[in-house]
Structure formats: structure tokens, C-alpha cells
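Engineer: kindly generate the corresponding structure for this input.
(4 chains)
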There are 2 protein chains.
Amino acid sequence: MPEHLEQQETTPLPQSQPATDAFHEEFELFHRHLVKHRLKRTAQRDLILRTFLETEAHLSVEELYDLVKQRDKTVGFTTVYRTLRLLVEAKLAREVNFNDGRARYEHEYKHDHHDHLICTECDALIEFFSPEIERLQEEIAKQYGFVIADHSHRVFGMCQAYYTNSDDYPPYCRKRPGAAQEGKMR
Amino acid sequence: MPEHLEQQETTPLPQSQPATDAFHEEFELFHRHLVKHRLKRTAQRDLILRTFLETEAHLSVEELYDLVKQRDKTVGFTTVYRTLRLLVEAKLAREVNFNDGRARYEHEYKHDHHDHLICTECDALIEFFSPEIERLQEEIAKQYGFVIADHSHRVFGMCQAYYTNSDDYPPYCRKRPGAAQEGKMR
DNA sequence: TTCCCTGCAAATTTTTTGCAACTAG
DNA sequence: CTAGTTGCAAAAAATTTGCAGGGAA
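Structural biologist: Below you'll find the model as predicted:
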């Protein structure tokens, strides 16, 4: 397997822990998961995990694949697809769905659960967390004898940056008013 | 502009309003939407709407198509697909997503907004509504200057019926323990 | 008559799988 | 060695579109 990638020189899979990597714990968790399930550590998996961890975006399989390709053209879509599933199993990634017709993934490890305000006009994404809502949710589940494993709370609407005519758009707004007005397409 | 609607008997599309139909308002809303957008009332659209309204289930396009076919084999999948979009536009249907890989639709008209507890073991669906959560959600949005248009709050976990060994399963549990253990597949 | 609608087939898009070659352990 | 992994190609699954014929207004 050809060795590519970054500034590592000696380790067999150096790209997983470059000096600049702040993801030691995540990698350790991942590698433990691999051992536990008798799976193998490969250069591709490490690269995919690192690429995933390095962006805070909520990427689809294809988007992550594109990023990975920039570093190693030989990695296949299928591998990214399967590794992402692996990351979900290892509790490093979480699948989210923004109604844009494709599955998206966000960091799960040490990322407190949070929910999203999603601007349907400009695709801005605002993360929020409300302990009160979490508590109420638990109460409701309890009433039904329901045991919560996970939840997804998405609020769709219009972000300030979009409906305001001002010129200083908050950092969380990825598009500017007037930009591609697509609504929900795929 | 032709006025139809309600309990007419002579209309060319009688199947839309049989004596047993309790959906007068929905049909009126729908037909008004058609007129407003210069769209046409057809037998297929009425049949699809009626079929949709007669089930409280959260159907996918294909499932609704199957139901419609039982009444009229000539109706095509595409028409059901497009009509469902029309119903969403007319605010009669709402798209929901239960992470089973396909879009599903539920009634929207006069159905207070509600959210779901979704049993990942047996696919049971429990609807809930919490004014407090709605209020908190509004507050949060306000903090961000976000204007809410819609939201989706899904709580995944295990329903009582599933983890209990008792034999009296609540009506909302569609499968019995031990039944097809599928988790999340498509 | 004029658009709109329908159903079919086909195209797209996204997700998933089969398989032969390859490799970590 | 052995069993898991990879990338390609192809299959599946779900959604969407083009179009010719038919129908509502």
C-alpha cells in the first residue's frame, strides 16, 4: 500500500497522530473499537477519521470523500462510506439529517449533545442546547415508559442574517442573502 | 370559477366526497389551493388525498401508492409522488423522516404540531406535544434572532411494550418483542 | 382551445453490495 | 497464513424528470 500523506516519516501509520493532532483521544477510542471488534487499522481509516475530525461541518459521505481525495486520490468512495459507518458504531460520529436528501455526519465524541436551528434560506446552521428541553423530554418519555437512546431536534426557519438587510453577516451564516435560493432540493 | 366542494352529489368527481367523508375542510382547502395556483382538480388527486386522509399512518410515497392502487390500479406512482408534494404545498401534509431511509408524510391540517417518540426496536410511534418545549424553543430562537417556520423533534429509544415482558402491548406498538429486529436499515 | 395532468419510461441521485486482489495482524 | 479491507463496478433503492397523449377549465 503506497504511503502518501503529510509530514510523518517513521510510524507505520503516522498520519494518524501527527504532532499537530489534537485528536489523540478520538484515535485511541477508534483504535480500541477496532481491536475490540477484531477489525484492522488501515491507512485509509486513519486518514478518513482525521479528515472527518478536522472539519466541524456536517458532511455528507460524498463531501467527506471529496476532502479525503484531496489528500489521497486512491481512496475510494466505498471506503469512506463504510468507515463513516464504523465511526458511528465507535461513537465518534453521529448521523444527522437536514432534509436535504442525504445523510450527514457530525462529531459525537465529547461533543455534548446539541440540536440545530437550520436556516432554510441560506443553510446557516446554529447549534443550541437546552437543559430544560432535555429535562422535559425525559419527563415526557417517562410518562410513556419510553427509554431514550437518542434524539434529534431540528428547528427550521430563517436566520437573522438572512432577513436582515445589514451587511455584517454573523459567522454562522454560510451564504449571503440573495445567494442561491434553493429551498429544499436534492 | 367553478365552485365545488362540500357535500355536493352532482360533481363529476363524486368519489372525493362520499357521504362518509369527514374531510370536507381538507378537500376545500385542497381545491382552493388548486384554484389559487391555476391547477386542476382531477379524479386521481382527489383519490390520493382521500386515501391519505383515511389513514393516520406515516406513509412513504410507495406505501401510499400501494393503498391508492387497491382502489384504482391505473394510478401511477409518479402521480402519487407529485400529489404528495402538492399536499405539502397546500399544508395538508407534512414531510417527516424517521431515519428509515425514505421520506414519510403525516397529516398537517388541524393536526396540532406534535413530535415523536420512535421505538427503534419495534417501530412503535408515540406522538407527544409539550407547550413548555415549544416555548423554550421559541426563546432559544429569539436569542439568535431566528424566525421559526417549522420544527422536528424526534426522540429515539425503546418503548415500554418492547422491553417489558408483559403480554399486553399498548396499541401504539405495531410489532411484538422478538419480531423482526432490524434496527436502522433500508 | 389552452394549459395542465397523467402514466410510462428513463434518468438521477444516494446508498449498498459482490468480488478479486491486497494486507494487517 | 487467515480473516478483514479496499476500490471498482454494478446493483438497489429512492427520487425526479421528459414527453406524448388525454383531460379539465
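Engineer: got the residues of chain A near chain B?
Structural biologist: Applying CB under 8 Å from any CB of the partner chain, one finds that chain A approaches chain B through A:95, A:97, A:99, A:117, A:119-120, A:126, A:128, A:130, A:132-133, A:136-137, A:140-141, A:144-160, A:163-164. In short, each C-beta sits where N, CA and C put it, glycine included.
Engineer: separation between the residue lying farthest from the centre of chain A and B:Gln143?
Structural biologist: Distance from the C-alpha centroid of chain A, by CA atoms, centre = their mean, peaks at A:Gln143 (32.4 Å). For A:Gln143, the distance to B:Gln143 equals 29 Å [CB to CB, to the nearest Å].
Engineer: what does A:Tyr109 give?
Structural biologist: If you go by CB to CB, the gap between A:Tyr109 and B:Gln143 works out to 27 Å.
Engineer: likewise for A:Tyr105?
Structural biologist: Distance from A:Tyr105 to B:Gln143, by CB to CB: 27 Å.
Engineer: what are the buried residues along the top strand by length along chain A?
Structural biologist: The residue-count maximum for a strand in chain A (DSSP state E) belongs to strand A:147-158. For strand A:147-158, a neighbour-count test (16 or more other CB atoms under 10 Å in any protein chain shown) marks A:Val147, A:Ile148, A:His151, A:Ser152, A:His153, A:Arg154, A:Val155, A:Phe156, A:Gly157, A:Met158 as buried.
Engineer: before we move on, what about stretch A:61-81?
Structural biologist: Neighbour-count burial for stretch A:61-81 [16+ other CB under 10 Å]: A:Val61, A:Glu63, A:Leu64, A:Tyr65, A:Leu67, A:Val68, A:Asp72, A:Val75, A:Thr79, A:Val80, A:Tyr81.
Engineer: those residues: which ones sit near DNA strand D?
Structural biologist: A:Val75, A:Thr79 (CB under 7 Å from any atom of the strand).
Engineer: ok, the buried residues of stretch A:61-81 vs B:Gln44, which is closest?
Structural biologist: A:Val61 (36.5 Å; CB to CB).
Engineer: list the contacts of that closest one.
Structural biologist: A:Phe77, A:Val80, A:Tyr81, A:Leu84, A:Arg102, A:Ala103, A:Tyr105 (CB atoms under 8 Å, 6 or more residues apart in numbering or on different chains).
Engineer: which ones among those also lie next to DNA strand C?
Structural biologist: Among the contacts of A:Val61, DNA strand C is touched by A:Phe77, A:Tyr81, A:Arg102, A:Ala103 when using CB under 7 Å from any atom of the strand.
Engineer: so which of the contacts of A:Val61 sit within strands?
Structural biologist: A:Ala103, A:Tyr105.
Engineer: can you put the contacts of A:Val61 in CSV and add pLDDT?
Structural biologist: Listed next are the contacts of A:Val61 as CSV, based on pLDDT from 0 to 100:
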residue, pLDDT
A:Phe77, 98
A:Val80, 98
A:Tyr81, 98
A:Leu84, 98
A:Arg102, 93
A:Ala103, 94
A:Tyr105, 96
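Engineer: chain A: strands as residue ranges?
Structural biologist: Under DSSP E, chain A gives strands at A:59-60, A:93-97, A:103-107, A:115-119, A:125-128, A:147-158.
Engineer: could you export the last one as PDB, CA atoms only?
Structural biologist: This points to strand A:147-158. This file holds the C-alpha atoms of strand A:147-158, laid out as PDB (Å, rounded to 0.1, in the frame of the first residue of the first chain):
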ATOM      1  CA  VAL A 147     -36.300   4.800  27.300                       C
ATOM      2  CA  ILE A 148     -34.500   7.400  25.400                       C
ATOM      3  CA  ALA A 149     -31.400   6.400  23.400                       C
ATOM      4  CA  ASP A 150     -31.000   9.400  21.300                       C
ATOM      5  CA  HIS A 151     -32.900  12.400  19.900                       C
ATOM      6  CA  SER A 152     -32.900  14.900  17.100                       C
ATOM      7  CA  HIS A 153     -34.400  18.300  17.500                       C
ATOM      8  CA  ARG A 154     -34.300  20.400  14.400                       C
ATOM      9  CA  VAL A 155     -35.800  23.900  14.100                       C
ATOM     10  CA  PHE A 156     -36.300  25.200  10.600                       C
ATOM     11  CA  GLY A 157     -36.700  28.800   9.800                       C
ATOM     12  CA  MET A 158     -34.900  31.900   8.800                       C
END
